[in-house]
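Student: Just the structure for this:
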Amino acid sequence: MAVPGKVAAFRLPPLPKVGEIIKLFRLKAQKQLSQNFLLDLRLTDKLVRQAGELKNAYVCEVGPGPGGITRSILSAGVEQLLLIEKDIRFIPGLKMLSEAAPGKVRIVHGDILTYNMEKAFPNHLKKNWEDEPPDIHIIGNLPFSVSTPLIIRWLENVSKKDGPFIYGRTQMTLTFQKEVAERLTANPGGKQRSRLSIMSQHLCSVENCFIIPGQAFVPQPEVDVAVVHFTPLVQPKIQQPFKLVEKVVRSVFQFRRKYCFRGIETLFPESGRLKRTEQLMMTANVDPTLRPSQLSMSQFRNLCNTYRKMCDEDPGLFVYNYREELRLKKRAHLLISNSQPEETEEENQF
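Tutor: So this is what the prediction gives:
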């Protein structure tokens, strides 16, 4: 007997198992797309729980594939589920799920890297950045080949408050190779402390939720997989433009095994490089003999703030590109080398 005032939980009708869907539509993971399917519904349920309360929420699932995680999201009682799938082979199986949950599922055959997330959800869901996160979630078992460039893109969206974050501090629950997840969450001095650590942690609260063993996937990858949850911060820890922070952090970690001043040098043209490096490090109060992985978030903040002032004083400084300078030097060296053999041969003849 139903309890008055209680709404019955949504339940999917009986459906073929995910493994049966794979056989039915002759689906096979493509190695070149780094596809790995998660078929164990206990694990997909556990992954979806990391997103938080999804009842009546709006969810975007990235790369649903054969629909294992999709089933767990629908079973959580979401209001609307947007599926963005690049591989057309999976669309028929996803349509079966859509028909089993009338009015709840919208399927987009497209690439998440180019899809316009600013129109993905209704405008009434928008919240101020300072408010609690909106009832919008991004969930995905990401292919290894796109996971890092995609999270960097989304972090830039967080910084600019656009893309999926035009609605507010949209939360993300995503899978990564275990090693990448360790980089995302590494603390100062940690072995995996890297550019990803700074770029993610200065913009988001990042939690490494749990590890999924490789053998749980089909086909089995060579590495284990981690589920990582992101909640954008109300205030970034480094209040500078994304591209500036990214440039400073990338430069610092360019020579991760050496003292940090070696990477910081690459922010400046060869002329006056040493003097400007010393000026930056002294003003930012950073010990030049620390390794990149030892620098704290506050030290990166000081470096970015000081570098910004130096760029304001010298507008041409920010566009300086160390790697481009090296490339041009190498090219000039090759041109000189290639122009010499004929003279050498003539000299050898005498």
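Student: you'd agree Cys60 is in a helix?
Tutor: No. Counting by DSSP: H, G, I helix; E, B strand; the rest coil, Cys60 is located in no helix; its state is strand.
Student: Just to check, it is in contact with Met117?
Tutor: Yes. Using Cβ atoms under 8 Å, Cys60 is in contact with Met117, at 7.3 Å. No exception for glycine: its C-beta is placed from N, CA and C like everyone else's.
Student: Could you tell me which residues touch both of those two?
Tutor: Residues touching both Cys60 and Met117 (Cβ atoms under 8 Å, 6 or more residues apart in numbering) are Pro164.
Student: Can you give me the neighbour number for the closest residue in space to Leu196 that isn't next to it in sequence?
Tutor: Spatial nearest neighbour of Leu196, chain neighbours left out: Arg183 (4.4 Å); criterion: Cβ to Cβ, 6 or more residues apart in numbering. Arg183: 19 surrounding residues under other Cβ atoms under 10 Å.
Student: is it true that Arg183 touches Gln201?
Tutor: No. Assessed by Cβ under 8 Å, Arg183 is found out of contact with Gln201, at 10.5 Å.
Student: what residues are up against Arg273?
Tutor: Arg273 touches Glu265, counting by Cβ under 8 Å, 6+ apart.
Student: got a list of what the residue most central in space within the chain touches?
Tutor: For the chain, Ile151 is the residue whose C-alpha lies nearest the centre (Cα atoms, centre = their mean; 1.3 Å). Ile151 makes contact with Leu174, Phe176, Leu184, Leu196, Ser200 under the criterion Cβ under 8 Å, 6+ apart.
Student: And what about it, helix, strand or coil?
Tutor: Secondary structure state of Ile151, per three-state DSSP, is helix.
Student: Can you show me the helices along the stretch 101-250 of the chain?
Tutor: For the stretch 101-250 of the chain, the helices defined by DSSP state H, counting those that start in this stretch cover 144-160, 178-185, 195-201, 242-252.
Student: Give me whichever of the ones you listed is most buried.
Tutor: Greatest average neighbour count among the helices of the stretch 101-250 of the chain goes to helix 195-201 (a mean of 23), per mean count of other Cβ atoms under 10 Å.
Student: could you say what helices and strands it packs with?
Tutor: Counting contacts by 3 or more Cβ pairs under 8 Å, 6 or more residues apart in numbering; DSSP states H and E, helix 195-201 packs against helix 144-160, helix 178-185, helix 242-252, helix 297-313.
Student: Switch those helices over to JSON lines; also include distance to Gly214 and mean pLDDT.
Tutor: JSON lines is the format used below for the helices and strands packed on helix 195-201 (distance: least, Cβ to Cβ, whole Å; pLDDT from 0 to 100):
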{"stretch": "helix 144-160", "distance to Gly214": "12", "mean pLDDT": "94"}
{"stretch": "helix 178-185", "distance to Gly214": "9", "mean pLDDT": "97"}
{"stretch": "helix 242-252", "distance to Gly214": "30", "mean pLDDT": "98"}
{"stretch": "helix 297-313", "distance to Gly214": "32", "mean pLDDT": "98"}
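Student: follow-up on the earlier one: redo the helices of the stretch 101-250 of the chain as TSV? Include distance to Arg49.
Tutor: Formatted as TSV, these follow (distance: least, Cβ to Cβ, whole Å):
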stretch	distance to Arg49
helix 144-160	21
helix 178-185	17
helix 195-201	22
helix 242-252	31
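Student: Out of the ones you listed, the one nearest Leu274 is which?
Tutor: Smallest distance to Leu274 across these (Cβ to Cβ): 15.3 Å, for helix 242-252.
Student: Convert the C-alpha atoms of that closest one to PDB, please.
Tutor: Taking C-alpha atoms only, helix 242-252 is exported to PDB below (Å, rounded to 0.1, in the frame of the first residue of the first chain):
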ATOM      1  CA  PHE A 242      43.400  31.500 -16.900                       C
ATOM      2  CA  LYS A 243      45.900  31.900 -19.800                       C
ATOM      3  CA  LEU A 244      48.300  33.800 -17.500                       C
ATOM      4  CA  VAL A 245      48.100  31.200 -14.700                       C
ATOM      5  CA  GLU A 246      48.500  28.400 -17.200                       C
ATOM      6  CA  LYS A 247      51.600  30.000 -18.700                       C
ATOM      7  CA  VAL A 248      53.300  30.500 -15.400                       C
ATOM      8  CA  VAL A 249      52.400  27.000 -14.100                       C
ATOM      9  CA  ARG A 250      53.500  25.300 -17.400                       C
ATOM     10  CA  SER A 251      56.800  27.200 -17.300                       C
ATOM     11  CA  VAL A 252      57.500  26.200 -13.700                       C
END
